[in-house]
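Undergrad: got a predicted structure here, sequence first:
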Amino acid sequence: MRAIFEGHKIEVLKTLKANGENVQVSWNSIAQAWCVCSKNVALLAKTKAQADDAKYDNSRWAFAREMAHVWFDKIEAIMQERGAEAIEEL
């Protein structure tokens with residue numbers, strides 16, 4: 001909410017998934033990394049490569065890892081569309 005009150009643009013994406021799987025993505029300023037959560041797991045990653053770290057390499061992490069890849073792809077698309085300054089908005 002603070003970002004909204006400070007005048008920053010917020011984009012919310014909503015999708016429907018047949019099996020009810022859920023994901024949340026947020027920025028953790030202490031870790032300086034994205035927190036990608038699904039069901040009972042949460043992974044921290046600054047890059048797509050970090051989401052593929054061996055510690056997240058089993059079926060328990062599969063959906064969170066997949067969604068982290070989607071998230072980093074989205075960030076890359078925004079940066080290509082808007083230029084390098086777009087990262088400041090994230």
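TA: Perfect, thanks for sending it.

Undergrad: tell me who's in contact with A68.
TA: A68 sits next to W34, V36, L43, A45, K48, A51 when contact means C-beta atoms under 8 Å, 6 or more residues apart in numbering. Every residue, glycine included, has its C-beta placed from N, CA and C.

Undergrad: tell me the one among the residues you listed nearest to Q80.
TA: Checking the contacts of A68 against Q80 by C-beta to C-beta gives K48 as the nearest, at 14.8 Å.

Undergrad: if I look at that closest one, how far off is K9?
TA: 24 Å (C-beta to C-beta, to the nearest Å).

Undergrad: neighbour count winner among those two?
TA: A count of neighbours by other C-beta atoms under 10 Å puts K48 above the other of K48 and K9, at 16 against 7.

Undergrad: burial of H69, as a residue count?
TA: Using other C-beta under 10 Å, H69 is surrounded by 15 other residues.

Undergrad: once you drop chain neighbours, what's closest to it?
TA: Nearest-residue entry for H69: K48, 5.7 Å, with adjacent residues in sequence omitted and distances by C-beta to C-beta, 6 or more residues apart in numbering.
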